[in-house]
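Trainee: Sharing a sequence plus its predicted fold:
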Number of protein chains: 2
Amino acid sequence: MVRSGEKMRLGAFLSVPGHHVASWRYPDAATDQLLDFELYKRIAQIAERGKFDMVFFADILAAAAKNDAQITHMVNTRFDPMTLLPAMAAATDKIGLAATVSTTYNEPYHVARKFSTLDHISKGRAAWNLVTSSNEDEAFNFSKDNHLLHELRYQRAGEFVDVVTGLWDSWEDDALVMDKESGIFAEKEKLHVLDYKGTHFAVRGPLNVARPPQGHPVVVQAGSSEDGKELAARTADVVFTAWQTLEEAKGFYDDLKGRLKQYGRSPESLKIMPGVFPIIGQTEAEAKQKAELLRNLIPPAAGVGLLSRMIGVDLSKYPLDEPLPELPSEDAINGGKSRHSLLKNLAKREGLTIRQLYQRIAGARGHREILGTPTQIADQLEAWFHAGAADGFNIMPPYFPGGLEDFVELVIPELQNRGLFRTDYEGNTLRENLGLSRSPNQFAKDSSHVI
Amino acid sequence: MVRSGEKMRLGAFLSVPGHHVASWRYPDAATDQLLDFELYKRIAQIAERGKFDMVFFADILAAAAKNDAQITHMVNTRFDPMTLLPAMAAATDKIGLAATVSTTYNEPYHVARKFSTLDHISKGRAAWNLVTSSNEDEAFNFSKDNHLLHELRYQRAGEFVDVVTGLWDSWEDDALVMDKESGIFAEKEKLHVLDYKGTHFAVRGPLNVARPPQGHPVVVQAGSSEDGKELAARTADVVFTAWQTLEEAKGFYDDLKGRLKQYGRSPESLKIMPGVFPIIGQTEAEAKQKAELLRNLIPPAAGVGLLSRMIGVDLSKYPLDEPLPELPSEDAINGGKSRHSLLKNLAKREGLTIRQLYQRIAGARGHREILGTPTQIADQLEAWFHAGAADGFNIMPPYFPGGLEDFVELVIPELQNRGLFRTDYEGNTLRENLGLSRSPNQFAKDSSHVI
């Protein structure tokens, strides 16, 4: 695969104080600032200094309620991303701002409005990571007895994204005239009532916010089930994903890109960015020491708790130093299907015990862990990029802000020297920086507004 | 009523580019910056320079869809307040940040989490204006055929606020230990599962955000129906309200304060702040000219449209220069009952035609309009304050930012000279500045955390 002149996309995946389950115990982690916005502001500014395309927050709509190990030993408090991002927008100028919002426990009118407002506030830097939620605990916080079944969640998500994009098109780009003299505020022919009626939603519209600067804020997705891939091929601009090997990643990449044509889309219109958990040392030995320190900081009860949650099966009764017990097939798991299989396959392939498996996923949580010097890390990113397994990467620092700072100061210059990454932002909006075209308005008659 | 040493509370009620229906046409209104966050930031900083207790956004979850006059001549786009406020928090230090969020079209888990996050980000400056929504159009944007009936809305609101405050108490103030050495992140005895089961909601909890700095963010309400007054007496910290005459305002004030005792609350624990629409001139003649200019800028179709919406009856077919036709009784109106009666009574009392009535409410929308020199305006505020008809006021400038700047530069110094308003913030949190105590945690056993 030739990528002459093409640059890698980079996301800074934020999980404060770090992506590793024990990162909050790591000496350099700013754990004491966990509730202080100054830390989040500083992190956003470090990522912007590094010319990252975007910062990104995952999200879960629940705290551990019953699992003692998780409550006692793990970080169990996280700010609402859609409340954090506007404040980070006010403290930055160029970097994209991506937040996870679930289609299962939200209403599309709110979601369309919040991302439109964020896009205006940030002058075109908003991105919505659409998830359908995989955590059954969330249902209990939203007056539901059960988590919606996988197939229904995706059906709802498909309608949800159609309503949201339809609402973003309520106003044509030039609908607001605001002519004080004539008293014409808006041209009524350029305001469109959606009148959506589906199985899950009936939404009249129009949205009460003018069209977002990007047309549509960037839509990110991360599902890698069949339903997830089809939804992404039809509606996503960016896909985050988790793969351990180049072969798997390349297979997913080709599969997903191959699905775009049926929706009239070019391969370039969707960017695929696997997650990467980098442990950076000035020497390989130093990187290994950091990894060892993080591993040793994991309380075993917390490690087993994390693994149980991720694999969808309670493993707390099994011996730590034996292989995984016989587990149900992916079909029996409601939510996080691909994560379940990934972990099972990893344990089998490498013959890992439960302890080894939780140590392995305690940082990257199924994403690829790469360890070494800045050169070694750049080599690995370059290999996947040039093999056509990734358009870029979602970087998951083990601890904040130091882990992100190391990446910005040590790895990014190496990528820039190789011509693999920008030395300055190409544009002002996230779409411009990602190399994505501005979204046309589905209701506009005048094609000059369709860029 | 003696208020020796007690200060007036002031809110800056933000409606950009102004509170008057024609304010966007006013020469000094920053209409061209309507979609630019820099304007909102500047407004927040002006209000903070004036030592306002808080800035406040109303909200409606719908745009005009079918009313041509409204679409053509009125401002029909407004940012989501909960996306604006975090960005304004990042640009200010002391001022409170209040946003309207409807209990009819939201889920309490989201609302608890967003206000808790805003409270953390702003270090204790968040306030939630709880409304039940009075605009039927909102229902159609949330997959509903009808707007929920008034009584059910208030029943739902009562449960909603109990769930939200219960979720805010999920964590005790000192639950997070975050001891890197021992590996104890949190004390599990200090995390509480809500397990709320009501008619409208079943919410397990706990909230996944540590306890807000204020304990509970400030709860604001504005309902003045019987249901609204009872809910406020039980759960509100601040009540916004709209009255034309001192007698009405005083009656409401005494009524509401009188209801507090049955809930074990003191009169000081609830602050009542009527809205005031000030037109300020260096001379009375100048103020009158401003008012006249605003009136003349109202397109008649827009004036009738606004009045129809506020009174809950379509008036577009009636002659402009005749009195109101016979209207249904308040009981037949679902939503905005008290506003409906207020307008009907105003028209009757003063013998106003439809045109005169819409001109009257085109600015203040049923709130009290005061016009004059800074001294005259201060006199009127002082009169209500000293008569015990108000603990303070929610100031509604006719246009932004100039109308707010005039209030800050001309009226506030006059109030300060009279000893009626602070010359600097008393505390760091909104509760401290409003003179409200920090909320105790309903689940905490150790009373030392109850301040």
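Mentor: Sure thing, it's come through.
Trainee: going forward, measure contacts and count neighbours with C-alpha atoms only.
Mentor: Will do.
Trainee: pLDDT (mean, whole number) over the helix or strand where residue A:377 lies?
Mentor: Using DSSP states H and E, residue A:377 sits within helix A:374-386. For helix A:374-386, the mean pLDDT works out to 98.
Trainee: Can you pull the phi and psi angles for residue A:202?
Mentor: Phi and psi for residue A:202, reported as degrees, to the nearest 10, are phi -130, psi 110.
Trainee: Name all residues that make contact with it.
Mentor: Residue A:202 makes contacts with A:195, A:196, B:140, B:141, B:142, B:143, B:144, as judged by Cα atoms under 8 Å, 6 or more residues apart in numbering or on different chains.
Trainee: same question, residue A:142
Mentor: Applying Cα under 8 Å, 6+ apart, the residues near residue A:142 are A:105, B:107, B:109, B:201, B:202, B:203.
Trainee: got it, and residue A:236?
Mentor: Listed by Cα under 8 Å, 6+ apart, the contact set of residue A:236 reads A:218, A:219, A:220, A:221, A:270.
Trainee: Would you tell me which one of those comes nearest to chain B?
Mentor: residue A:218 (17.2 Å; Cα to the nearest Cα).
Trainee: Now the closest one: closest residue in space, sequence neighbours ignored.
Mentor: Counting by Cα to Cα, 6 or more residues apart in numbering or on different chains, the nearest residue to residue A:218 once its immediate chain neighbours are dropped is residue A:127, at 4.4 Å.
Trainee: again, but for residue A:363
Mentor: Closest to residue A:363 by Cα to Cα, 6+ apart is residue A:20, at 3.6 Å.
Trainee: Any stretches of chain A with poor pLDDT?
Mentor: A:1-2, A:4, A:334-335, A:446-451 (pLDDT under 70).
Trainee: The same query, at a cut-off of 50, please.
Mentor: Along chain A, the parts satisfying pLDDT under 50 run over A:447-451.
Trainee: and the angle for the lengthiest strand in it with helix A:374-386?
Mentor: The single longest strand within chain A, with elements called by DSSP state E, is strand A:271-280. For strand A:271-280 against helix A:374-386, the angle by axes from the mean of the first three to the mean of the last three Cα atoms, to 10 degrees is 160 degrees.
Trainee: Of all the residues in the biggest helix by length in chain A, which ones are buried?
Mentor: Ranked by number of residues, the top helix in chain A under DSSP state H is helix A:150-168. Neighbour counts over helix A:150-168 (16 or more other Cα atoms under 10 Å in any protein chain shown) mark A:150, A:153-168 as buried.
Trainee: What's the end-to-end length of stretch A:398-417?
Mentor: 25 Å (Cα to Cα, to the nearest Å).
Trainee: Let's see which of the contacts of residue A:142 end up in strands.
Mentor: B:202, B:203.
Trainee: Out of the contacts of residue A:142, which is nearest to residue A:377?
Mentor: residue A:105 (38.1 Å; Cα to Cα).
Trainee: returning to that earlier point: name the element the residue nearest to residue A:218 belongs to?
Mentor: Counting by DSSP H and E, the element that carries residue A:127 is strand A:126-131.
Trainee: Residue A:26 and residue A:297, how far apart?
Mentor: Distance check for residue A:26 against residue A:297: by Cα to Cα, it reads 8 Å.
Trainee: So for those two, which residues contact both of them?
Mentor: Contact with both residue A:26 and residue A:297 is made by no residue, according to Cα under 8 Å, 6+ apart.
Trainee: Shouldn't residue A:97 be within a strand?
Mentor: Yes - assigned with DSSP: H, G, I helix; E, B strand; the rest coil, residue A:97 falls within a strand.
Trainee: so what's it bridging to?
Mentor: Taking DSSP bridges, one obtains residue A:55, residue A:126 as the residues bridged to residue A:97.
Trainee: Distance of it relative to residue A:82?
Mentor: For residue A:97 relative to residue A:82 (Cα to Cα), the value is 10 Å.
Trainee: who's more crowded, those two?
Mentor: residue A:97 (32 against 25; other Cα atoms under 10 Å in any protein chain shown).
Trainee: ok, the more buried one - contacts?
Mentor: Per Cα under 8 Å, 6+ apart, neighbours of residue A:97: A:54, A:55, A:56, A:85, A:89, A:125, A:126, A:127.
Trainee: can you pick the most crowded of those residues?
Mentor: Ranking the contacts of residue A:97 using other Cα under 10 Å puts residue A:126 first, with 33 neighbours.
Trainee: mind checking how far that residue is from residue A:111?
Mentor: Note on residue A:126: its distance to residue A:111, by Cα to Cα, is 12 Å.
Trainee: May I have the phi/psi pair for residue A:12?
Mentor: Dihedral angles (degrees, to the nearest 10) for residue A:12: phi -100, psi 100.
Trainee: quick one: the spatially closest residue to it that is not a sequence neighbour and chain B, what's the gap?
Mentor: Spatial nearest neighbour of residue A:12, chain neighbours left out: residue A:55 (4.6 Å); criterion: Cα to Cα, 6+ apart. Distance, residue A:55 to chain B, using Cα to the nearest Cα, to the nearest Å: 16 Å.
Trainee: Now residue A:406. Nearest residue, chain neighbours left out?
Mentor: Closest to residue A:406 by Cα to Cα, 6+ apart is residue A:280, at 7.1 Å.
Trainee: I should have written residue A:28 there, sorry.
Mentor: Nearest non-adjacent residue to residue A:28, counting by Cα to Cα, 6+ apart: residue A:402, 6.6 Å away.
Trainee: cool, residue A:207 as well?
Mentor: Closest to residue A:207 by Cα to Cα, 6+ apart is residue A:167, at 5.4 Å.
Trainee: Quick one: the helices in the stretch 351-451 of chain A, in order.
Mentor: Ranges of helices in the stretch 351-451 of chain A, per DSSP state H, counting those that start in this stretch, are A:354-364, A:374-386, A:402-406, A:412-417, A:430-434.
Trainee: Any chance of those helices in JSON lines with distance to residue B:47 as columns?
Mentor: Output for those, formatted as JSON lines (distance: least, Cα to Cα, whole Å):
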{"stretch": "helix A:354-364", "distance to residue B:47": "45"}
{"stretch": "helix A:374-386", "distance to residue B:47": "49"}
{"stretch": "helix A:402-406", "distance to residue B:47": "37"}
{"stretch": "helix A:412-417", "distance to residue B:47": "42"}
{"stretch": "helix A:430-434", "distance to residue B:47": "32"}
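Trainee: residue ranges of the strands in the stretch 151-300 of chain A, please?
Mentor: Secondary structure of the stretch 151-300 of chain A (DSSP state E, counting those that start in this stretch): strands located at A:176-179, A:184-186, A:196-197, A:202-203, A:218-221, A:238-241, A:271-280.
Trainee: thinking again about what came up before, between the contacts of residue A:97, which sits nearest chain B?
Mentor: Taking Cα to the nearest Cα as the measure, chain B sits nearest to residue A:89 out of the contacts of residue A:97, at 6.9 Å.
Trainee: Quick check: the closest one vs residue A:373, distance?
Mentor: Distance from residue A:89 to residue A:373, by Cα to Cα: 32 Å.
Trainee: Residue A:237 now?
Mentor: Distance of residue A:237 to residue A:373, given as Cα to Cα: 32 Å.
Trainee: Let me know the angle separating the longest strand of chain A from helix A:354-364.
Mentor: Computed by the same axes, to 10 degrees, the angle separating strand A:271-280 from helix A:354-364 equals 110 degrees.
Trainee: Note down every partner strand of strand A:271-280 and its orientation.
Mentor: With DSSP bridges as the test, strand A:271-280 is paired with strand A:238-241 (parallel), strand A:368-372 (parallel), strand A:392-395 (parallel).
Trainee: Can you say which of the ones you listed is nearest to residue B:284?
Mentor: Short answer: strand A:238-241, nearest of the strands paired with strand A:271-280 by Cα to Cα, at 59.6 Å.
Trainee: Was I right to think residue A:212 contacts residue A:114?
Mentor: No - using Cα atoms under 8 Å, residue A:212 is not in contact with residue A:114; the gap is 10.6 Å.
Trainee: Tell me which of these two has more neighbours.
Mentor: The neighbour comparison of residue A:212 against residue A:114 (other Cα under 10 Å) goes to residue A:212, with 28 against 24.
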